[in-house]
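Trainee: What follows is a protein structure lacking sequence information:
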């Protein structure tokens with residue numbers, strides 16, 4: 001039952017002043033990963049768990065409607081936005097966005113459920129991270145998944161009994177999407193029936209899976225793993241506090257994590273709380289290194305510069321920030337061929353609202369992203385055409401993803417006078433790496449986040465190849481009679497023209513990772529190196545950013561962490 005209904009049972013949140021003196025486990029961050037851990041660790045009524053989330057509960061009707069709850073359409077109550085440091089290669093600051101509510105970014109993202117490739121997880125294992133190969137990860141993906149894709153699902157790959165729903169649909173909402181599929185087939189890119197199956201090609205075009213439940217609501221990790229009925233059932237041993245900030249971790253000598261200092265967002269309430277067993281940071285790729293550095297764990301000189309006593313010198317805390325950088329090509333189409341119609345034509349929105357309320361169908365199901373093209377730039381020729389090689393080897397795994405949208409895939413404001421169909425070209429394996437640093441030892445002071453986009457020259461070649469492939473797809477769509485009119489496109493296909501375009505028409509895809517990565521900050525058990533009683537479990541621990549959307553892998557990291565803790569590892 002949603003909070004807009006006046007007689008709904010309230011969610012059993014507690015205030016900072018009501019936090020107990022001691023819990024078995026303290027989870028810092030109630031986002032995508034934190035909700036999963038809170039569920040698993042509190043399963044035994046004899047185990048006490050405290051979950052601390054910076055953002056609000058914010059569970060309204062609109063927050064459950066897929067299209068209305070995504071960041072570009074929301075009211076901002078579940079979102080935390082900040083500017084990056086100036087990016088010289090693209091001559092601008094970039095707006096960085098993360099979720100800030102119970103459920104984190106799973107409350108505002110495009111709901112994409114993509115696991116990534118078997119080969120990449122096996123590469124993690126081969127790099128020395130035992131327990132992170134595909135077979136280990138597959139087990140945990142299946143554990144949390146409740147696939148709603150019918151009796152035909154492969155139960156060796158997908159789960160049917162987990163908490164977290166996902167589904168897909170072959171009912172594409174805009175004609176342009178079908179034309180993209182037809183064009184890919186014409187160009188030699190196969191149709192992938194299940195993009196999460198390691199048994200199918202890694203290169204081609206396929207429908208995306210969304211985290212929507214059987215009622216066609218957004219199924220965030222909050223709704224999946226900490227729903228109202230579970231929170232009420234476990235309210236004696238699971239305490240959830242929202243709108244609260246962890247200022248720092250408390251230690252016993254020499255480096256044993258024993259508690260945290262917590263303050264309400266209003267600043268009116270504060271307390272200290274101890275952990276009998278462990279503290280787990282799930283504050284995300286910005287928040288987790290932030291808490292570590294405020295607590296004296298990080299690059300020693302940087303901490304000293306801010307007057308913070310060094311508990312453990314770990315130079316890699318806040319380093320190795322990776323993100324999937326994207327470049328957008330956009331075309332004009334008739335308004336009826338674009339999702340923009342729901343925004344510019346009030347009667348279209350009213351019709352779609354009734355379709356959603358009465359039948360659970362229509363444009364409010366978030367058809368912004370419905371399919372994706374995965375390609376290897378090494379298997380594309382100088383014109384962007386796929387090579388005839390049918391099987392990609394380890395060195396030619398997909399390194400670019402093209403996401404067609406019946407909307408604008410660029411960043412910032414844009415002309416909405418005509419319909420738009422666009423293609424976001426995404427670099428899946430960037431060589432550029434950035435940093436997260438403190439601006440002050442004050443927990444309220446903003447972080448200095450520098451993604452250093454395009455700082456590695458190696459990042460241009462895959463993006464050029466992706467843009468050329470997009471232009472070939474566009475030509476095929478036009479040949480099929482789809483009315484694409486050039487709008488934001490490169491002036492030419494030579495390297496210089498494409499590089500100029502990449503530097504001007506770009507954006508983040510919000511896939512931040514690796515700022516507390518395994519091997520440098522945490523070990524393969526996710527324990528902070530050199531510190532007892534402290535782990536990190538979110539996308540910040542990835543050894544490198546996976547070539548996929550990060551929501552499902554982040555949940556899998558939380559599942560792995562819970563499994564290791566409960567097994568006493």
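Mentor: Yep, that arrived. All values reported here derive from a predicted model rather than from experimental measurement.

Trainee: Distance from the strand ranked longest in the chain to the middle of the chain?
Mentor: When every strand of the chain is counted residue by residue (DSSP state E), the longest turns out to be strand 270-281. Averaging C-alpha coordinates over strand 270-281 and over its chain gives two centres that are 26 Å apart (Cα atoms, centre = their mean, to the nearest Å).

Trainee: elements contacting whichever helix or strand comes after it?
Mentor: Along the chain past strand 270-281, the next helix or strand (assigned with DSSP states H and E) turns out to be helix 284-294. In this structure, helix 284-294 makes packing contacts with strand 22-28, strand 95-99, strand 244-252, strand 270-281, strand 435-437, judged by 3 or more Cβ pairs under 8 Å, 6 or more residues apart in numbering; DSSP states H and E. In short, each C-beta sits where N, CA and C put it, glycine included.

Trainee: how close does residue 501 sit to residue 90?
Mentor: For residue 501, the distance to residue 90 under the criterion Cβ to Cβ, to the nearest Å works out to 11 Å.

Trainee: Please identify which of these two sits among more neighbours.
Mentor: Ranked by neighbour count (other Cβ atoms under 10 Å), residue 501 and residue 90 place residue 501 first, with 22 against 18.

Trainee: ok, and the closest non-adjacent residue to the more buried one?
Mentor: Excluding the flanking residues, the one nearest residue 501 by Cβ to Cβ, 6 or more residues apart in numbering is residue 490, at 4.2 Å.

Trainee: and if you look at residue 33?
Mentor: Here the residue nearest residue 33, using Cβ to Cβ, 6+ apart, is residue 558, at 3.9 Å.

Trainee: residues near the one you found, how many?
Mentor: Taking other Cβ under 10 Å as the neighbour definition, residue 558 ends up with a count of 30.

Trainee: That one and residue 116: what is the separation?
Mentor: Computed with Cβ to Cβ, the distance linking residue 558 and residue 116 is 16 Å.

Trainee: so where's the protein shaky on pLDDT?
Mentor: Residues of the chain meeting the criterion pLDDT under 70: 1-8, 72-75, 151, 388-394.

Trainee: quick one: furthest residue from the center of it?
Mentor: The centre of the chain is farthest from one residue, residue 253, which by Cα atoms, centre = their mean lies 36.2 Å away.

Trainee: didn't residue 564 look like it was pressed against residue 525?
Mentor: Yes - with contacts counted by Cβ atoms under 8 Å, residue 564 reaches residue 525, the gap being 5.4 Å.

Trainee: Identify the contacts common to these two.
Mentor: Overlap between the neighbourhoods of residue 564 and residue 525 consists of residue 131, taking contacts as Cβ atoms under 8 Å, 6 or more residues apart in numbering.

Trainee: that older thread, tell me the strands beside the longest strand of the chain, with direction?
Mentor: Its sheet considered, strand 270-281 pairs with strand 22-28 (parallel), strand 256-264 (antiparallel), strand 534-536 (parallel) by DSSP bridges.

Trainee: Just put those strands in TSV and tack on distance to residue 83.
Mentor: Compiled in TSV, the strands paired with strand 270-281 are given as follows (distance: least, Cβ to Cβ, whole Å):
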stretch	distance to residue 83
strand 22-28	24
strand 256-264	24
strand 534-536	25
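
Trainee: For residue 400, find the nearest of those.
Mentor: Residue 400 lies closest, by Cβ to Cβ, to one member of the strands paired with strand 270-281: strand 534-536, at 29.5 Å.

Trainee: ok, and for stretch 185-204, which residues are buried?
Mentor: Taking 16 or more other Cβ atoms under 10 Å as the neighbour-count basis, stretch 185-204 is seen to contain the buried residues 187, 189, 192, 194-198, 200-204.

Trainee: Likewise for stretch 427-446?
Mentor: Using 16+ other Cβ under 10 Å as the burial criterion, the residues of stretch 427-446 that qualify are 427, 428, 429, 430, 432, 433, 434, 435, 436, 437, 438, 441.

Trainee: isn't the fifth one right up against residue 324?
Mentor: No - in this structure, residue 432 sits apart from residue 324 without contact. The criterion is Cβ under 8 Å, and the distance is 11.0 Å.

Trainee: what touches both of these two?
Mentor: Listed contacts common to residue 432 and residue 324 are nil; contacts here mean Cβ under 8 Å, 6+ apart.

Trainee: any idea what sits nearest residue 448, other than its immediate chain neighbours?
Mentor: Counting by Cβ to Cβ, 6+ apart, the residue nearest residue 448 is residue 437, at 4.4 Å.

Trainee: same check, this time on residue 528
Mentor: Beyond its immediate neighbours in the sequence, the residue positioned closest to residue 528 (Cβ to Cβ, 6+ apart) is residue 534, lying 4.5 Å away.

Trainee: List the beta-bridge partners for the one you found.
Mentor: When bridges are assigned using DSSP bridges, the partners listed for residue 534 are residue 279.
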